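In: coordinates for the following, if possible.
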Amino acid sequence: QVQLVESGGGLVQAGDSLRLSCAASGRPSSLYAMGWFRQAPGKEREFVAAITWANGRTYYADNAKGRFSMSRVVAKNTVNLQMGSLKPEDTAVYYCAHATYGSIATMTEANTYDYWGQGTQVTVSS
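Out: The predicted structure follows:
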């Protein structure tokens, strides 16, 4: 069983930066990738970014490219999401997710991920 705990959310102004962190604990049998998703009120959960654990390669949604950066600290089983140039439309609950298995083709799909954190609220005011 894997437990994921997110931290770092909050209220910021448009143009500000914010850093989210996710710490994983437990004994996963394997780890293919970690991802960040977000869900705004009345909208479906959407992919934000992911990182493959073996080589640290990152993948981003189009609306995150150039503004967000995901990284991992292997020794601490932690991933971070550095968000910059935040916009009001980035307001959402951000979820950390763990994929025991997966592929590059499915990394953006929520059903690839088998463990989820409780979410952390990010609110960007205009």
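In: beta partners of the spatially most central residue of the chain?
Out: In the chain, the C-alpha nearest the mean C-alpha coordinate belongs to Trp36, at 1.8 Å (C-alpha atoms, centre = their mean). Beta-bridge partners of Trp36, counted by DSSP bridges, are Ala49, Cys96.
In: sec struct for Thr108, please.
Out: Three-state assignment for Thr108 (DSSP: H, G, I helix; E, B strand; the rest coil): coil.
In: need the pLDDT of it.
Out: pLDDT recorded at Thr108 is 95.
In: may I ask you to confirm that it is in contact with Ala64?
Out: No - Thr108 is not in contact with Ala64 according to C-beta atoms under 8 Å; the separation is 11.2 Å. Placement of C-beta: from N, CA and C, glycine included.
In: now the helices for this protein?
Out: When assigned using DSSP state H, the chain turns out to have no helices.
In: so where's this protein uncertain?
Out: For the chain, the stretches flagged by pLDDT under 70 are 27-28.
In: dump stretch 41-57 to PDB, restricted to CA.
Out: Listed next in PDB are the C-alpha coordinates belonging to stretch 41-57 (Å, rounded to 0.1, in the frame of the first residue of the first chain):
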ATOM      1  CA  PRO A  41     -14.900  23.000  -9.700                       C
ATOM      2  CA  GLY A  42     -17.300  21.600 -12.300                       C
ATOM      3  CA  LYS A  43     -14.500  20.200 -14.500                       C
ATOM      4  CA  GLU A  44     -13.000  16.800 -15.000                       C
ATOM      5  CA  ARG A  45      -9.600  15.900 -13.500                       C
ATOM      6  CA  GLU A  46      -6.900  16.700 -16.000                       C
ATOM      7  CA  PHE A  47      -3.200  15.800 -16.400                       C
ATOM      8  CA  VAL A  48      -0.600  18.400 -15.500                       C
ATOM      9  CA  ALA A  49       2.800  16.700 -15.400                       C
ATOM     10  CA  ALA A  50       4.500  13.400 -14.900                       C
ATOM     11  CA  ILE A  51       8.000  12.000 -14.300                       C
ATOM     12  CA  THR A  52       9.300   8.500 -15.000                       C
ATOM     13  CA  TRP A  53      11.000   7.200 -11.900                       C
ATOM     14  CA  ALA A  54      13.900   5.300 -13.600                       C
ATOM     15  CA  ASN A  55      15.300   8.100 -15.700                       C
ATOM     16  CA  GLY A  56      13.600  11.300 -14.500                       C
ATOM     17  CA  ARG A  57      12.100  12.200 -17.900                       C
END
